[in-house]
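1. Kindly generate the corresponding structure for this input.
(chains A, B, C and D)
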Number of protein chains: 2
Amino acid sequence: MPSNAPRPSDPSRLVSLLWEPSDRPGRTGLTKQAVVENAIAIADAEGIGALTMRRVADRLGVGAMTLYTHVPGKPELVELMIDAVAGEAYADGALPGEQDGWRAGLRHIAERNWRHHLRHPWTVEVVPGRPVLGPGVSAKYELELAPLDGIGLSDLEMDQVLCGVLALVESTARQQVGLDRVRAGGGDLDWWATVSPALARSMSGSRFPLAERVGAASGEAVEAGDPHAVMRLSLELLLDGVAGRLR
Amino acid sequence: MPSNAPRPSDPSRLVSLLWEPSDRPGRTGLTKQAVVENAIAIADAEGIGALTMRRVADRLGVGAMTLYTHVPGKPELVELMIDAVAGEAYADGALPGEQDGWRAGLRHIAERNWRHHLRHPWTVEVVPGRPVLGPGVSAKYELELAPLDGIGLSDLEMDQVLCGVLALVESTARQQVGLDRVRAGGGDLDWWATVSPALARSMSGSRFPLAERVGAASGEAVEAGDPHAVMRLSLELLLDGVAGRLR
DNA sequence: TCGATTGTCCGTACAGTGTACGGTACAACG
DNA sequence: CGTTGTACCGTACACTGTACGGACAATCGA
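-> Next up, the predicted model:
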């Protein structure tokens, strides 16, 4: 992005872009929706780094610059993508508010968000800015607040507990995505086998007794433990904490 | 990154790179350490997106390709950067293991990591792959395990609780960094003022009663709440949960 | 003291990026 | 049948990471 003075990116324009469903197909039948869907397909398969205006255009059989009549620019395209996939999270009808109690509701939220991040790994790659105030994100927020409503939390606490759970899931999913990526990238199934001798040679002298003992317990040797297990344990601890405050 | 087949990136080479302090200055006095330090300075000030091999080289007064005799490539440079800053986290001597009890220890860890991420915002921008097994990261891990040792947790639980706390901090810090970024970027102090009318117009019809009520409570209107507050509350809840398991 | 070798330095080149600009061509309207 | 608006897009620009090969300095063996 060589533009030294980046485009201003009008926020209210983005809001109408997010909510406007009326997207008349142009001469070639191209719609904003099609642009967003194809961008999501690329990012899902190869990560946000592979998402390129030219590649989206190629998939759609149009010139690169044509995209700019449907979408203001790449950052806005990414926000549209975020809102679009947010709408899918509870599309199958198993809503958080319908679970058996607030604990089950929050567990459901955590698992759904985990799946969501793994299905769309680029969602943990983009650094969030302002919240994306589109229909998908709004509906998701509404559904996820439901299990927390009326159990004795203030409105502020409801928001903060939900945010805490989502933060936990996002960060652990991020690690999982990174791990999947390096594993898929090269034949480093033997990563530890190749690293271990060099590490032992280098570390001789400096000693990390706790790190070695605990690292060994966590997964095979020093390799990072399962992020999903971390997420589930931390979630249960957090839920225990919530239960304590309700009593 | 136009190389369709990315460099293999030998992991054991990286390990020796991480641990080797012997970095003979070349003809121009350039060292690996200097490369890493200047890269950190750029990324600290302008984010990982502004970190460019040419910019690092310019700061050092050498040609771009010269960097490649000290560092295998950009990904490896980033890993070196991560290990280098990890070493600073407890450089002032206030160690987690010296705090008054495991709760205070974990709180100290959380606050130090929060500060760490805000000081080096790019640490929440890079997607982690394999753990960076350098001296800085290893020492940090060792220090952070200390308050959890001997309080009744298994080795695996120690690792998972620590990871959970760090995950919470990372994700909330990420949000804070994003918020800081957009606030610094443009004069959108009036972001909500400009977005609000367009949003009200767009949302007419679809109704999100919970989202509106709770969103209003969380910060000014629908704006996202304070990430640091989310982190602290969630941390306390998580610590309550840990306390429950110990009893 | 003199090659030979080794490792540091770097100019050039290539394939790729987001998007500003200006032009073309088609659909709808008067 | 103009005229107009807008969808489309070719070209250009400044920028990226790094492969390649050459130039220079220092060190070593004889």
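
2. Stretch A:69-77 - what's its average pLDDT?
-> For stretch A:69-77, mean pLDDT is 96.

3. so does it get close to DNA strand D?
-> Yes: for stretch A:69-77, a contact with DNA strand D is found by C-beta under 7 Å from any atom of the strand, at A:69, A:70. All C-beta atoms are positioned from the backbone trio N, CA, C, and that covers glycine.

4. and the end-to-end length of that stretch?
-> Start-to-end span of stretch A:69-77 (C-alpha to C-alpha, to the nearest Å) is 12 Å.

5. does chain B sit close to it?
-> No: contact of stretch A:69-77 with chain B is not found when judged by C-beta under 8 Å from any C-beta of the partner chain; the minimum separation is 10.7 Å.

6. Give me the contacts around that stretch.
-> If you take C-beta atoms under 8 Å, 6 or more residues apart in numbering or on different chains as the criterion, stretch A:69-77 is touched by A:7, A:9-10, A:13-14, A:17, A:23, A:26, A:30-32, A:35-36, A:39, A:51, A:53, A:56, A:67, A:80.

7. tell me which residues of that stretch are tucked away?
-> Buried residues in stretch A:69-77, counted by 16 or more other C-beta atoms under 10 Å in any protein chain shown: A:70, A:71, A:72, A:74, A:75, A:76, A:77.

8. mind listing which of these are in helices?
-> A:74, A:75, A:76, A:77 (DSSP state H).

9. returning to that earlier point: so which of the contacts of stretch A:69-77 would count as near DNA strand C as well?
-> A:7, A:51, A:53.

10. these two touch, right, residue A:134 and residue A:83?
-> Yes: with contact defined as C-beta atoms under 8 Å, residue A:134 counts as touching residue A:83 (3.2 Å).

11. Outline the domain layout of chain A.
-> Residue ranges for each domain of chain A read A:11-86, A:96-124+A:131-246, as given by automatic domain parsing.

12. shared neighbours, residue A:134 and residue A:83?
-> Here residue A:134 and residue A:83 have residue A:18 as joint contacts, going by C-beta under 8 Å, 6+ apart.

13. what residues does chain A put near DNA strand C?
-> Counting by C-beta under 7 Å from any atom of the strand, chain A sits next to DNA strand C at A:1-3, A:7, A:27, A:51-55, A:64-65, A:68, A:73-75.

14. Just the buried ones from those, in PyMOL syntax?
-> Typed into PyMOL, the line below selects the buried ones among the residues of chain A next to DNA strand C, using 16+ other C-beta under 10 Å:
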select buried, chain A and resi 51+53+74+75
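
15. Widest-spaced pair of the residues of chain A next to DNA strand C?
-> Distance extremes for those: the farthest pair is A:2 and A:27 at 30.9 Å, using C-beta to C-beta.

16. what's the longest helix in chain A?
-> With secondary structure taken from DSSP H, chain A has its longest helix at helix A:155-185.

17. how much does the helix or strand just after that helix deviate in direction from helix A:155-185?
-> Downstream of helix A:155-185, the next assigned helix or strand under DSSP states H and E is helix A:191-203. Counting by axes from the mean of the first three to the mean of the last three C-alpha atoms, to 10 degrees, helix A:191-203 lies at 100 degrees to helix A:155-185.

18. can you give me the mean pLDDT across helix A:191-203?
-> In this model, helix A:191-203 has a mean pLDDT of 85.

19. Residue A:98 and chain B, how far apart?
-> 14 Å (C-beta to the nearest C-beta, to the nearest Å).

20. looking at it, residue A:105 is touching residue A:97, isn't it?
-> Yes: contact criterion C-beta under 8 Å: residue A:105 and residue A:97 qualify, at 6.6 Å.

21. shared neighbours of the two, which are they?
-> Common neighbours of residue A:105 and residue A:97 (criterion: C-beta under 8 Å, 6+ apart): A:146, A:147.

22. Out of the buried residues of stretch A:69-77, flag the one nearest to chain B.
-> Taking C-beta to the nearest C-beta as the measure, chain B lies nearest residue A:75 of the buried residues of stretch A:69-77, at 10.7 Å.

23. does the closest residue in space to residue A:201 that isn't next to it in sequence count as helix, strand or coil?
-> Once flanking residues are discounted, residue A:201 sits nearest to residue B:16: 8.0 Å by C-beta to C-beta, 6 or more residues apart in numbering or on different chains. Judged by DSSP: H, G, I helix; E, B strand; the rest coil, the three-state class of residue B:16 is helix.

24. Could you check the pLDDT of residue B:16?
-> Note for residue B:16: predicted pLDDT of 91.

25. For burial, what's the neighbour tally of it?
-> 13 (other C-beta atoms under 10 Å in any protein chain shown).

26. wait, what's in contact with it?
-> Going by C-beta under 8 Å, 6+ apart, the list of residues near residue B:16 reads A:198, A:201, A:202.

27. Now do the nearest residue to residue A:210 once chain neighbours are set aside against residue B:109, distance only.
-> Closest residue to residue A:210 apart from its sequence neighbours, by C-beta to C-beta, 6+ apart: residue B:145 at 4.4 Å. As judged by C-beta to C-beta, to the nearest Å, residue B:145 and residue B:109 stand 10 Å apart.

28. Spell out which residues of chain A are next to DNA strand D.
-> With C-beta under 7 Å from any atom of the strand as the criterion, chain A meets DNA strand D at residues A:2, A:4, A:24, A:26-30, A:62-66, A:68-70.

29. biggest separation within these, which pair?
-> Pairwise distances across the residues of chain A next to DNA strand D peak at 36.5 Å for A:4 and A:29 (criterion: C-beta to C-beta).

30. So those two - more neighbours on which side?
-> Counted by other C-beta under 10 Å, residue A:4 and residue A:29 do not tie: residue A:29 has more neighbours, with 10 against 5.

31. Can you list phi and psi of that one for me?
-> Residue A:29 adopts backbone torsions of phi 80, psi 10, taken as degrees, to the nearest 10.

32. With the one 10 residues further on instead?
-> Summarising the backbone geometry of residue A:39 under the convention degrees, to the nearest 10, its torsions are phi -60, psi -40.

33. For the closest residue to it other than its chain neighbours, give me its contacts.
-> Nearest non-adjacent residue to residue A:39, counting by C-beta to C-beta, 6+ apart: residue A:56, 5.1 Å away. Residue A:56 makes contact with A:35, A:38, A:39, A:42, A:67, A:77, according to C-beta under 8 Å, 6+ apart.

34. Dump the residues you listed to a markdown table, plus distance to residue A:247.
-> Shown next, in a markdown table, are the contacts of residue A:56 (distance: C-beta to C-beta, whole Å):
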| residue | distance to residue A:247 |
| --- | --- |
| A:35 | 51 |
| A:38 | 51 |
| A:39 | 47 |
| A:42 | 49 |
| A:67 | 55 |
| A:77 | 47 |
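
35. Out of the residues you listed, give me the one that has the most neighbours.
-> Once you tally neighbours by other C-beta under 10 Å, residue A:39 ends up highest among the contacts of residue A:56, having 27 neighbours.
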